[in-house]
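# Turn this into a model:
(chains A and B)
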2 protein chains.
Amino acid sequence: MTLLNLSNQIALGIDVGGTSTKFGLVNHRGEILTKGSIKTTGHATIEDFIDALYTTINPSIQKFCGNNNLAGIGMGAPNGNYYTGRVEYAPNLPWKGNLELAQLMSQKFGVTCKVTNDANAAALGEMMFGAARGMKDFIMITLGTGVGSGIVSNGQIIYGHDGFAGELGHTIVKPNGRKHWSTGSEGCLESYASATGIAITAKKMRAEFPNSMLNDYPEEEINSRTTHECAKKGDPTAIEVFRYTGQKLGEAMANFVMFSSPEAILLFGGVIQAGDFLLKPTKLYMERNLLPIFRNKVKLVLSELEEADSAILGASVLVWEK
Amino acid sequence: MTLLNLSNQIALGIDVGGTSTKFGLVNHRGEILTKGSIKTTGHATIEDFIDALYTTINPSIQKFCGNNNLAGIGMGAPNGNYYTGRVEYAPNLPWKGNLELAQLMSQKFGVTCKVTNDANAAALGEMMFGAARGMKDFIMITLGTGVGSGIVSNGQIIYGHDGFAGELGHTIVKPNGRKHWSTGSEGCLESYASATGIAITAKKMRAEFPNSMLNDYPEEEINSRTTHECAKKGDPTAIEVFRYTGQKLGEAMANFVMFSSPEAILLFGGVIQAGDFLLKPTKLYMERNLLPIFRNKVKLVLSELEEADSAILGASVLVWEK
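Next up, the predicted model:
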């Protein structure tokens, strides 16, 4: 990647999430000078949302850099498209249809705004400032409520022909498998390896094994965190929940490796709190499904960035790209 | 891709196959001035093979360009590695272990030699001179005895960290599925969508359906071609062989699309002679397994290059890369 050399310039990095939107003013070395957040919800239109963002952020811009030294805005958003600057039909955002996010932001703030999806932003952040520093080929997988991904090959984010590349959470790992709650597809990775998927697996398995500690919780408290609690206490059912999840994730990752042969796969997001309960089976099933030439080469790496900062930092990198 | 501008220079493109090795002298516009082939087998060592290549090709070099205008050599070979110039443990070649192909060729011919695998060479040929002209994002899938692939993103071949990216034939499409005759992996794409895989499917299905025309052939004649013959005559079993193959191929292709979002998938190789018997179900199952944002966007394209010339042309492109 070729970067602009603007050492006294500041980038505004913004991470638009389903519930809250975080922002930070970031210098070219990845130091966050100030940060904050507003609620994503509660704004009737995208224009209202951008007005609220401006009202909140503008005082910081005046204090930390002034309009003259604001180099630009980078935004990560669900379904954000790098090529068009639009957010296209994001199921998790309150505004429907095709949102001209980059254009509206540029008009309001008076500087160029670039947009990408949240997982690509996180991958950029790791490449510039985190666990993927110096890597030219890696895959970032975010294991949160959903499963997102950002793919870097030859030192560049793979955006694909239309800007939508890297939807690895929606690749099918088990044909005719579990039906996805939102897309309806059967057997995709997100149905198993997201926090949502893990909760489904845990609920199924505790019904099968009445002695499991998982049965000590009410239905609404069964999630990745409580399953991890039970696994730590030695509950075989909870351990099996993560083994099964790791099997599906590892099998999927083997296919990803045979596609782009990355130096590392970076894992990120709340689900990785499960640690070795998840990571050991993931690695086992990945290696088992690889051709011999790929075995024992790919590093499994956990994100080095604060989860709260990663997407802001990554979004800010968009500003420095030529 | 940045190309050298050497309009009077000639590249030697070589395609090393399991049984024969084809070569051509190619100008920068993709015109083959002369071509020929030698047997790959029957040479005790890789050095003997290279001696035989030199003896056969050198008279053409002297006649068509002379040593001074030979810009270099590009080679496509099974398991050929672009980064190292080696052929590493290719199961289909007669010489074992790690072959220093680029280095030995350079020494013998006195010019630089670059190596890549055969599917990447074919993808380069299509990008420069064939059906992928002008495309920056596409996937080439070769359906022959095996299933190979070459992936182009951002206008560049994806080689990956170690040069082995793009082994899509070995991605798992059916966990715990058909055991691969050579790698032992279970349920990989090559086990179903290669000519070898189609023959296995046809033999299984004709045993299930005694009335199938496929039963008119002796066992050793059951292959993709004879199955196509029966399909053309309306045999439902033969048609089902290609539908099943297309299902597996289409499901796999959906996953590839959600990885790199290509403009097109190019298909190449003997198996595509089956035409719509294979292509219609392939497209159907690909579309069905895609997220809506990817649907009805990706072109399925058949190679435009003569199969015999494609790999020679593609290999020659390696010479013009800066």
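
# what ranges do the strands span in the stretch 151-300 of chain A?
Listed in chain order, the strands of the stretch 151-300 of chain A (DSSP state E, counting those that start in this stretch) span A:156-157, A:264-268, A:299-302.

# pLDDT (mean, whole number) over the shortest one?
In this case it means strand A:156-157. Averaging pLDDT along strand A:156-157 yields 96.

# and that strand, anywhere near chain B?
Yes. Legend: contact between strand A:156-157 and chain B by CB under 8 Å from any CB of the partner chain is shown at A:Gln156. Where you see a C-beta, it was placed from the backbone N, CA and C, and this is true even at glycine.

# Please produce JSON lines containing the strands of the stretch 151-300 of chain A, extended by mean neighbour count and distance to A:Met205.
Shown next, in JSON lines, are those (neighbours: other CB atoms under 10 Å in any protein chain shown; distance: least, CB to CB, whole Å):
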{"stretch": "strand A:156-157", "mean neighbour count": "22", "distance to A:Met205": "37"}
{"stretch": "strand A:264-268", "mean neighbour count": "24", "distance to A:Met205": "23"}
{"stretch": "strand A:299-302", "mean neighbour count": "14", "distance to A:Met205": "25"}
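
# Redo these as CSV? Include distance to B:Tyr159.
Converted to CSV, the strands of the stretch 151-300 of chain A look like this (distance: least, CB to CB, whole Å):
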stretch, distance to B:Tyr159
strand A:156-157, 13
strand A:264-268, 16
strand A:299-302, 18
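
# Quickly list the domain ranges of chain A.
Chain A resolves into domains spanning A:10-125+A:308-320, A:134-303 when parsed by automatic domain parsing.

# B:Val26: which of those domains is closest?
Distance to B:Val26, taken as CB to CB, is lowest for domain A:134-303 among the domains of chain A, at 25.4 Å.

# how long is that closest one from one end to the other?
14 Å (CA to CA, to the nearest Å).

# How about the residues of the stretch 201-322 of chain A by chain B?
So the stretch 201-322 of chain A meets chain B at A:251, A:254-256, A:258-263, A:289, A:291-294, A:297 (CB under 8 Å from any CB).

# Now list the buried members of these.
A:251, A:254-256, A:258-263, A:289, A:291, A:293-294, A:297 (16 or more other CB atoms under 10 Å in any protein chain shown).

# What pLDDT is listed against whichever residue of the stretch 1-150 of chain A sits closest to chain B?
Residue nearest to chain B within the stretch 1-150 of chain A (CB to the nearest CB): A:Asp137, separated by 4.3 Å. What the model reports as pLDDT for A:Asp137 is 98.

# can you tell me which residues contact the closest residue to it other than its chain neighbours?
In space, and not counting its chain neighbours, A:Asp137 is closest to B:His161: 4.3 Å by CB to CB, 6 or more residues apart in numbering or on different chains. When contacts are counted by CB atoms under 8 Å, 6 or more residues apart in numbering or on different chains, B:His161 touches A:136-137, A:261-263, A:297.

# OK, contacts around the spatially most central residue of chain A?
Centroid-nearest residue in chain A: A:Ala119, 3.5 Å away (criterion: CA atoms, centre = their mean). When contacts are counted by CB under 8 Å, 6+ apart, A:Ala119 is found next to A:140, A:142, A:148-150, A:166.

# Could you do A:Asn69 as well?
A:8-10.

# For PyMOL, write the select line for the buried members of these.
The following PyMOL line selects those of the contacts of A:Asn69 that are buried, judged by 16+ other CB under 10 Å:
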select buried, chain A and resi 9+10
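
# can you give me the end-to-end distance of stretch A:212-232?
Termini of stretch A:212-232 sit 13 Å apart (CA to CA).

# Show me where chain A has its helices.
A:46-64, A:101-109, A:118-129, A:189-193, A:195-208, A:224-232, A:236-260, A:276-288, A:307-320 (DSSP state H).

# Would you format those helices as TSV with mean pLDDT included?
Output for these, formatted as TSV (pLDDT from 0 to 100):
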stretch	mean pLDDT
helix A:46-64	96
helix A:101-109	97
helix A:118-129	92
helix A:189-193	98
helix A:195-208	98
helix A:224-232	97
helix A:236-260	98
helix A:276-288	98
helix A:307-320	89
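
# is it true that A:Asn154 touches B:Ile151?
No. A:Asn154 lies out of contact with B:Ile151 (CB atoms under 8 Å); the separation is 11.2 Å.

# what touches both of these two?
With CB under 8 Å, 6+ apart as the test, A:Asn154 and B:Ile151 both reach B:Ile158.
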